[in-house]
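K.L.:
okay, sequence plus prediction incoming.
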Amino acid sequence: MSLKTIQAAPGFQDYLPKEYQDLLEDGPFFQQRKVSELGSFKEAIEEHPMCAGCAMTLFIRLVYVGLPSLEHTVICGTAGCGRLAISQGAVPFVYGNYGDTNAVATGLKRGLDIRFKDQPKDVVVMAGDGGLADIGFHAVMHSWFRKEKFTTIMLDNEVYGNTGGQDSGMTQKGMVMKMAPTGKKFEKMDMLGLAKTAGVAYTARISPTNPTRVANTVRKAVLIAREVGPTFIQAYTSCNIEYAIPTPKVMDDAREVEKDRYGYLEYFSDEAKTYWEESEKERKRLRKAEK
Amino acid sequence: MSLKTIQAAPGFQDYLPKEYQDLLEDGPFFQQRKVSELGSFKEAIEEHPMCAGCAMTLFIRLVYVGLPSLEHTVICGTAGCGRLAISQGAVPFVYGNYGDTNAVATGLKRGLDIRFKDQPKDVVVMAGDGGLADIGFHAVMHSWFRKEKFTTIMLDNEVYGNTGGQDSGMTQKGMVMKMAPTGKKFEKMDMLGLAKTAGVAYTARISPTNPTRVANTVRKAVLIAREVGPTFIQAYTSCNIEYAIPTPKVMDDAREVEKDRYGYLEYFSDEAKTYWEESEKERKRLRKAEK
Amino acid sequence: MYTVAEIDVEICSSTKCRLCTQFCPEGNTILYDETRGTAYVAVDRCKGCEICVGICDDLAKHHAIKMVPIDQVKDGFEISKVGFKRSLV
Amino acid sequence: MYTVAEIDVEICSSTKCRLCTQFCPEGNTILYDETRGTAYVAVDRCKGCEICVGICDDLAKHHAIKMVPIDQVKDGFEISKVGFKRSLV
């Protein structure tokens, strides 16, 4: 949970795998990397079996840039495409049973806060629309009602992509899928509205069309969760397989869907708004003082 | 499911239990009874082990008056105080496993609609705050997202009364209970707001201070569910045991809580509003024509 | 010994109130006799909560209901013996 | 045979764009050489989706990336052999 615990004893570092050495030397730990630095540092996530050109893969990659302190973070996930990548990241990953992500995250976050009184530890749930809006919906909502201080990120590809194309609650009404041949029967669930009603401190809807904005949104959500209360990011991460998007057109699709119905949205509770404005001021003051 | 199927063959009726005969002769089937007739007809529910002076008992009693056609109704419930009464009513009752009331009701309603094309069949879920807002929350919400055409009635006594006084999601923040000695940790869940966001057609909040209004609200909810979509009633039904209300003061408490934070509220979707206004007009026209 | 509600027929029959029948939590426990125009109690069902007393005293202002020890009830009606009756006359 | 992205160093190094490194779905697959000021591809990781081509052509308007059959790639960089490098020079 900290770089110190994963550092090799002097003299032994050279015998560790190259990837491990690279992470220690040029990795994203103990400093907030920027999206504009991508390609110039060793990333926390790479070499996983996600499909070529997958927008979810891109989004997950950007999440790892946005997380404010990777060395003090635990990610919780569950069945679904995303975990094929997340489980291989250089950040502890807890693979819950389907349905329990936000219950597991609750216990983890509370336990970590008791164990590490002087070191903030971030817990982030990252899972699919099926995992969070359908099967894990109960635990998600109740973690929000309880005001648990962690971030939930929904990788919304609007389908059960991993199991052959069943419609989820987040699929658009009328959409015909391989395993929904007569079309999705009801409206896409309004998770943002539910989050607001449940008292979530910060909510964002986003598409991966602007990498810096993705990273900034993730960073904001995690920092607000740390101090104020639950936060939620709902991200459009198309399934190019089940929606038959040729990979060169994946970003065109993301831009079109963003324009049409998935535009960037942010909602702050009053408390979160105040906290964020003040902490931004403080950061500006510190940056100025450094110069 | 219809009076015909429960009627005795001629000559045999006299050998049935007196209660059975009374229900056939003076019962509430095949006619909408009024609250003002109570005491003058054989009720569908009586002689159960609910506590003396229980407001939930009163509310349940009034629900059976409000149901628009008892002989074509199935009630679904689960563990909790209310089922001690409901399971003894003269209306088919399905006792689901904890958590699945609204999933069971979904299957029942869809099946009945297929089987009885020309006869509307009403399905009503009636269970506690623990059963619906905590343990059955998932199935409740998803039945709403799917726009299932049945009514959900929450008997909200703001506690797990049946198991010794644990706080539920519907308990008020700060409330100290026998099994919540440091007080409830988070706000009472805003089920009405969630229902609205989920697209429920008709929602009502009510206290049992006005018996006729209870019956009318139930009738309205069931009729709208039959034609338009899911409906929800959230009823304050105090637990005089866990909240230590002397039974002679139960109605005083109901009036105070109603005035303070549980006032009568109704919300109609546009479609439900239009349907209800038109059907009320039609009923008035018919009544006039009869005279 | 426990108490049950007892309704004063004289007072009750002088009103057309019926409120106690609507607020009693129990089904068919406070019944209404159409002939005599009065509410009456099935003593074998009354759980003694006194809600009807509050309704009659405070809401209806008729003061027709009192709680009486069960062994002092005279000729109490028991619905379990005879079943539902529209009228006891 | 499959194709991978190839970046024209001459065109790329004349810009300070770096957009392809931000939009590639894969981690440490399009890398950036600080010394030469150019992006370059780890050919053993490129899955051939062509997203970078669209970014370079349509968003950056630099037209520096082409898809090339893997057997026609000359001196392709393989990260699995040498690990992460800040610069290949």
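P.N.:
Everything's here; your move.
K.L.:
C-alpha from now on. contacts and neighbour counts both.
P.N.:
OK.
K.L.:
quick check: the residue of chain C nearest chain A.
P.N.:
At 33.2 Å from chain A, residue C:25 is the closest residue in chain C, using C-alpha to the nearest C-alpha.
K.L.:
pretty sure that residue sits against residue B:59.
P.N.:
Yes - Residue C:25 lies in contact with residue B:59 (C-alpha atoms under 8 Å); the separation is 7.5 Å.
K.L.:
how close does the residue lying closest to the residue of chain C closest to chain A once chain neighbours are set aside sit to residue B:238?
P.N.:
Nearest non-adjacent residue to residue C:25, counting by C-alpha to C-alpha, 6 or more residues apart in numbering or on different chains: residue B:58, 3.7 Å away. Separation of residue B:58 from residue B:238 (C-alpha to C-alpha, to the nearest Å): 10 Å.
K.L.:
kindly report the same for residue A:236.
P.N.:
Taken as C-alpha to C-alpha, the span from residue A:236 to residue B:238 is 44 Å.
K.L.:
residue C:25 and residue B:59 - which one has more neighbours?
P.N.:
Applying other C-alpha atoms under 10 Å in any protein chain shown to residue C:25 and residue B:59 shows that residue C:25 carries more neighbours, namely 29 against 25.
K.L.:
what residues are up against that one?
P.N.:
The contact partners of residue C:25, by C-alpha atoms under 8 Å, 6 or more residues apart in numbering or on different chains, come to B:53-59, B:61.
K.L.:
that one: what secondary structure?
P.N.:
Secondary structure for residue C:25, judged by DSSP: H, G, I helix; E, B strand; the rest coil, is coil.
K.L.:
give me phi/psi at it?
P.N.:
phi -70, psi -20 (degrees, to the nearest 10).
K.L.:
surely residue A:125 touches residue A:77?
P.N.:
Yes - the criterion here is C-alpha under 8 Å, and residue A:125 meets it with residue A:77 at 5.8 Å.
K.L.:
overlap of the contact sets of these two?
P.N.:
Contacts common to residue A:125 and residue A:77, judged by C-alpha under 8 Å, 6+ apart, are residue A:101.
K.L.:
out of those two, which sits in the busier spot?
P.N.:
Neighbours per residue, other C-alpha under 10 Å: of residue A:125 and residue A:77, the larger number sits with residue A:77, 30 against 25.
K.L.:
report the beta-bridge partner residues of the more buried one.
P.N.:
With DSSP bridges applied, the residues forming beta bridges to residue A:77 are residue A:95.
K.L.:
residues in contact with it?
P.N.:
By C-alpha under 8 Å, 6+ apart, the neighbours of residue A:77 are A:83, A:93-96, A:101, A:125-127.
K.L.:
ditto for residue A:99
P.N.:
So residue A:99 contacts A:78, A:131-132, A:135-139 (C-alpha under 8 Å, 6+ apart).
K.L.:
can you give me the distance of it to chain C?
P.N.:
Noted for residue A:99: a distance of 40 Å to chain C, by C-alpha to the nearest C-alpha, to the nearest Å.
K.L.:
report pLDDT for that residue.
P.N.:
Note for residue A:99: predicted pLDDT of 93.
K.L.:
report the secondary structure state of it.
P.N.:
coil.
K.L.:
and residue A:75, by the same measure?
P.N.:
For residue A:75, the secondary-structure state derived from three-state DSSP is strand.
K.L.:
for the least confident helix or strand in chain C by mean pLDDT, buried residues please.
P.N.:
When each helix and strand of chain C is scored by mean pLDDT, DSSP states H and E, helix C:79-82 comes last, with a mean of 92. The neighbour-count check on helix C:79-82 (16 or more other C-alpha atoms under 10 Å in any protein chain shown) flags residue C:79 as buried.
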